[in-house]
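1. For reference, the sequence and a predicted model appear below.
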Amino acid sequence: MKWTVIDSLISPSTGTAFSCIISYRELKLIIWYKSSDFMMPGDEIITSDLGVFINGQISYLTMCNVIPFNASLWRTMLAQSECPGNAEIKPTQCNFNGKCRLKKCPFGLEKNLPGLFP
């Protein structure tokens, strides 16, 4: 089945990603997953017997949960998000104060370490 990513956000404290996806038949879902591949808006997901492909490349991800899309829930998740990369206007540096469980920032942000920058 083919899906398109509408929006995504990340939880740095858990390392979990959330994506809102839509099928060609207009079925919208929210998926929770853990992966080294973060899905961005516009990415194409294809699920098959061979696995999950993101933009034509095999992707190894752990699916945590799938629920029907709920606009109110998605807005709440965005509003309560701790990751500065989830903001509509992306910062130039990461100012997340907690422990980030991501090996690599999907937004390409460098950690702003206190005392190193004027």
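-> That came through, no problem. Numbers count the residues shown, from 1 in each chain.

2. The lengthiest strand in the chain pairs with which strands, and in what direction?
-> Counting residues, the longest strand found in the chain (DSSP state E) is strand 2-11. Paired strands of strand 2-11, with direction, are strand 16-23 (antiparallel), strand 44-48 (antiparallel) (DSSP bridges).

3. What residues of it count as buried?
-> 3, 5-11 (16 or more other C-beta atoms under 10 Å). (C-beta placed from N, C-alpha, C; glycine too.)

4. Can you say which helix or strand has the nearest residue to G15 once chain neighbours are set aside in it?
-> Excluding the flanking residues, the one nearest G15 by C-beta to C-beta, 6 or more residues apart in numbering is R101, at 3.5 Å. Counting by DSSP states H and E, no helix or strand carries R101.

5. if I read this right, R101 contacts S13, doesn't it?
-> Yes: with contact defined as C-beta atoms under 8 Å, R101 reaches S13; the gap is 6.7 Å.

6. got any residues that touch both of these two?
-> Counting by C-beta atoms under 8 Å, 6 or more residues apart in numbering, R101 and S13 have no contacts in common.

7. where do the strands sit along this structure?
-> Counting by DSSP E, the chain has strands at residues 2-11, 16-23, 28-35, 44-48, 51-54, 57-59, 61-68, 93-94, 110-111.

8. need those in a markdown table with mean pLDDT, can you?
-> Formatted as a markdown table, the strands of the chain follow (pLDDT from 0 to 100):
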| stretch | mean pLDDT |
| --- | --- |
| strand 2-11 | 96 |
| strand 16-23 | 97 |
| strand 28-35 | 96 |
| strand 44-48 | 95 |
| strand 51-54 | 93 |
| strand 57-59 | 94 |
| strand 61-68 | 94 |
| strand 93-94 | 90 |
| strand 110-111 | 83 |
